[in-house]
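model the structure of this input:
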Amino acid sequence: MSAIAKPAPKEKNKLGSLVKAFRKYYVPFFISIILLIVSVVFTILTPGTIRQLTNEINPVGKDGATFTVNLENVTRLGLTLAAFAAISFIASFISGFILNTIIQKFSKDVRRQISEKINKLPLNYFDTTQTGDILSVVTNDVDTLSTSLQNSVSMLVQSAVMLIGVFIAMFVAAWQMALVVVCSLPVMLIIMFATFKKALPLFDQSQHALGDVNATVEENYSGQLVIKAFNAEDMKVAAFKEKNDSFGTVLYKSQAFGSLIEPAMSFVSYLTYAAVLMVGGVLYARGSIGDMGIITGFIIYVSLFQEPLAQIGQASSTIQLGTAACNRVFTFLEQEELSDESDKKQLLDHSHIRGEVEFKDVCFGYDPKKLTIKNFSGKIQPGMKVAIIGPTGAGKTTLVNLLMRFYELTSGDILVDGVSIKDMSRQELRDIFGMILQETWVINGTLRENIVYNLKNVDENRLQEILEETNLSHYVSTLPEGLETEIQKESALSAGQKQLVTIARAMTENAPMLILDEATSNVDTRTEILIQKAMDSLTSGRTSFVIAHRLSTIKNADLIFVMKDGNIVETGTHDSLMKLGGLYSEIYNSQFN
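Residues are numbered from 1 along each chain as shown. Next up is the predicted model:
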């Protein structure tokens, strides 16, 4: 039983988290920024040199008719311009190379952190979050963040330095014309911030909508067999179309608002050019400025001043999309993790596990306001085979999840050999239990890797015995490379064969205690009989918990718990419960009569 999924909460701004995560790259980042500043400074020096070059090529004589050209000065200034351009290019290239390198390494680090984070999250997170949405964070959001950083960081730094440098240079050249340019700045900033404020929530929505689309695709892909069996293709296509249309609509709105900034700022820029030329012409006519080179250089200054703002406008969509992706990535990375238990010492001698388990007034609810397990108590003696049965939703699997500490108890306690599971580390607790689940799972790898999963130095003779006991030996003999044959999750393995692999995996682990949750639900009756013999041998002398709907498999259980609505309503052996004539008898008779 799993918790009901809840809608994802709205992410808060995580730019501070991004800066903190980027900390290890500060040194190369600042080197890159310094080189970028060098590039910008030499770019800013260019208009002044062009002004001097203009005056050298077209100086006005005292009588207004004498024209001379100093080739030596022209050559010197030309070489100076070429040197400025070369230095600017080299510095910009090295800066971009360093910045792109550290951003790609940062993206790799983020993916690694996400991978590590997944293994530290509580099971409840996966029960309440769509798989496709998590995959969207790992793939789309990290890529979007990387692209945004790559395209915007250098641009923002370059723009800031350019604005400051050009601003100073303009006032030095002609403060009157500089004031005209400054007057246009508030208009541009108002346009920029108004657009950002409107577009950013839409970009947040678009990233969530993309996650929904990916979740729908993943669901449809994994459920193809059921979809085709029930002719539900049209329904699923319609559901996907609805999600996709919703994503397309919000993405269109966000891009539309994000794209408004560029033409608006271009319009303001053209008005600024016209105003500067008019003011410059008046000043030149009045003699307030000494030469036409000032106006020529100033036009370049205006271009350099407004170019950063235009670049920000052009990159606004990328910046806002990257901000939304940043929020989602770091919201995931900052999810609450399982508590650190590295300081907990091993409390049990794993070579001498007795297998006594006691439940003391256990209460638990996926929703704190609604308990699934209510005041459950019971004591299991060492070596007992305990069957847990009951209607769907009675709390059988939940009880096992609590025993393994996949979820923490709301109240009460569970003791293993007299030690509270709260005092034991999760690793120690899970080391003493072997699990065979109803939901089969195989990894991409060889059949051997799937069976000896996370175990080392497995005896080959014992492995062959397990293959015989689980009825897998014939299947292995048909494979081209036997146990070394590569298998994949969606390969030719049937549901029953996958379950046999999981049974063999648990038998290989040879844990002192066992949990079997519908362990033979996907195999045929004949195979089940064969496996049951192996299971009886495996559970002999071990405390084992068996969840089963086929009551024929648990008739020989030492103790049967009958659960209903989170409570044990009947306890006993098969014979005693049949004589009681209660819920167990009713369920048993419904299967065999």
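
going forward, measure contacts between C-alpha atoms and count neighbours the same way
Will do.

which residues touch the closest residue to residue 318 other than its chain neighbours?
Closest residue in space to residue 318, ignoring its immediate chain neighbours: residue 148 at 5.6 Å, by Cα to Cα, 6 or more residues apart in numbering. Contacts for residue 148 (Cα atoms under 8 Å, 6 or more residues apart in numbering) come out as 318, 319, 321, 322.

next one: stretch 520-534 to chain centre, how far?
Chain-centre distance of stretch 520-534: 39 Å, with Cα atoms, centre = their mean, to the nearest Å.

which residues are contacting that stretch?
Residues contacting stretch 520-534 (Cα under 8 Å, 6+ apart): 438, 469, 470, 471, 495, 496, 497, 499, 553.

need the buried ones from the residues you listed selected in ChimeraX.
Buried subset of the contacts of stretch 520-534, written as a ChimeraX selection, criterion 16 or more other Cα atoms under 10 Å:
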select :438,469,470,471,496,497,499,553
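
okay, buried residues for stretch 504-514 please.
Going by neighbour count (16+ other Cα under 10 Å), the buried part of stretch 504-514 is 504, 505, 506, 507, 508, 509, 511, 512, 513, 514.

again with stretch 141-149
141, 142, 143, 144, 145, 146, 147, 148, 149.

and these, which is closest to residue 113?
Of all those, residue 142 has the smallest distance to residue 113: 11.4 Å, by Cα to Cα.

in terms of helices and strands, where is that closest one?
helix 142-173 (DSSP states H and E).

C-terminal to that helix, what's the next element?
Counting by DSSP H and E, the next helix or strand C-terminal to helix 142-173 is helix 175-222.

what angle sits between that following helix and helix 142-173?
180 degrees (axes from the mean of the first three to the mean of the last three Cα atoms, to 10 degrees).

could you list the low-pLDDT ranges of the stretch 251-400 of the chain?
The model of the stretch 251-400 of the chain has pLDDT under 70 over residues 258, 288, 290-293, 310, 313-317.

all helices for it, in order.
In chain order, the stretch 251-400 of the chain shows helices spanning 292-314, 316-333, 396-403, with DSSP state H, counting those that start in this stretch as the criterion.

who wins for proximity to residue 379 among these?
helix 396-403 (13.0 Å).

name every strand pairing with whichever helix or strand comes after that closest one and say which way it goes.
Downstream of helix 396-403, the first helix or strand assigned by DSSP H and E is strand 411-416. If you go by DSSP bridges, strand 411-416 pairs up with strand 357-364 (antiparallel), strand 419-420 (antiparallel).

show me how the chain divides into domains.
Domain ranges of the chain: 15-333, 355-431+558-593, 440-511+520-543, per automatic domain parsing.

quick one: those as CSV, columns for distance to residue 340 too.
Listed next are those as CSV, based on distance: least, Cα to Cα, whole Å:
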stretch, distance to residue 340
domain 15-333, 9
domain 355-431+558-593, 9
domain 440-511+520-543, 21
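
format the buried residues of stretch 504-514 as CSV; extra columns: secondary structure, pLDDT and distance to residue 251.
Listed next are the buried residues of stretch 504-514 as CSV, based on DSSP: H, G, I helix; E, B strand; the rest coil; pLDDT from 0 to 100; distance: Cα to Cα, whole Å:
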residue, secondary structure, pLDDT, distance to residue 251
504, helix, 86, 49
505, helix, 86, 47
506, helix, 84, 48
507, helix, 84, 52
508, helix, 86, 51
509, helix, 83, 50
511, coil, 85, 52
512, coil, 86, 55
513, strand, 89, 53
514, strand, 88, 51
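
tell me which of the residues you listed is nearest to residue 243?
residue 505 (39.9 Å).

grab the nearest non-local neighbour of that closest one.
Nearest residue to residue 505 in three dimensions, chain neighbours excluded: residue 451, at 4.4 Å (Cα to Cα, 6+ apart).

show me what contacts residue 187?
residue 268.

try 7 Å
By Cα atoms under 7 Å, 6 or more residues apart in numbering, no residues touch residue 187.

looking at the domains of the chain, spot the one closest to residue 347.
The closest approach between residue 347 and any of these, judged by Cα to Cα, belongs to domain 355-431+558-593 at 6.6 Å.

residue boundaries of the strands in the stretch 1-150 of the chain?
Counting by DSSP state E, counting those that start in this stretch, one finds no strands in the stretch 1-150 of the chain.

low pLDDT regions in it?
In the stretch 1-150 of the chain (pLDDT under 70), the answer is 1-13, 47-48, 51, 53-70.

mind checking what secondary structure residue 563 has?
strand (DSSP: H, G, I helix; E, B strand; the rest coil).

I'd say it and residue 392 touch.
No. At 9.8 Å, residue 563 and residue 392 do not qualify as touching, with contact defined as Cα atoms under 7 Å.

more neighbours: which of the two?
Per other Cα atoms under 10 Å, whichever of residue 563 and residue 392 has more neighbours is residue 563, with 24 against 13.

show me where the stretch 1-150 of the chain has its helices.
With DSSP H, counting those that start in this stretch as the criterion, the stretch 1-150 of the chain has helices spanning 15-21, 26-57, 71-118, 123-127, 131-136, 142-173.

before we move on, the earlier item: and the strands paired with strand 411-416, which is most packed in?
Of all the strands paired with strand 411-416, strand 357-364 has the most neighbours on average by mean count of other Cα atoms under 10 Å, namely a mean of 19.

now the angle between helix 396-403 and it, please.
Computed by the same axes, to 10 degrees, the angle between strand 357-364 and helix 396-403 is 110 degrees.

which residues does strand 357-364 contact?
So strand 357-364 is contacted by 371-381, 409-417 (Cα under 7 Å, 6+ apart).

report the buried members of those.
Neighbour counting by 16+ other Cα under 10 Å classes 372-377, 380-381, 409-410, 413-417 among the contacts of strand 357-364 as buried.

related to what we said a few turns ago, and of the domains of the chain, who's closest to residue 339?
It's domain 15-333; of the domains of the chain, that one is closest to residue 339 (Cα to Cα) at 8.7 Å.
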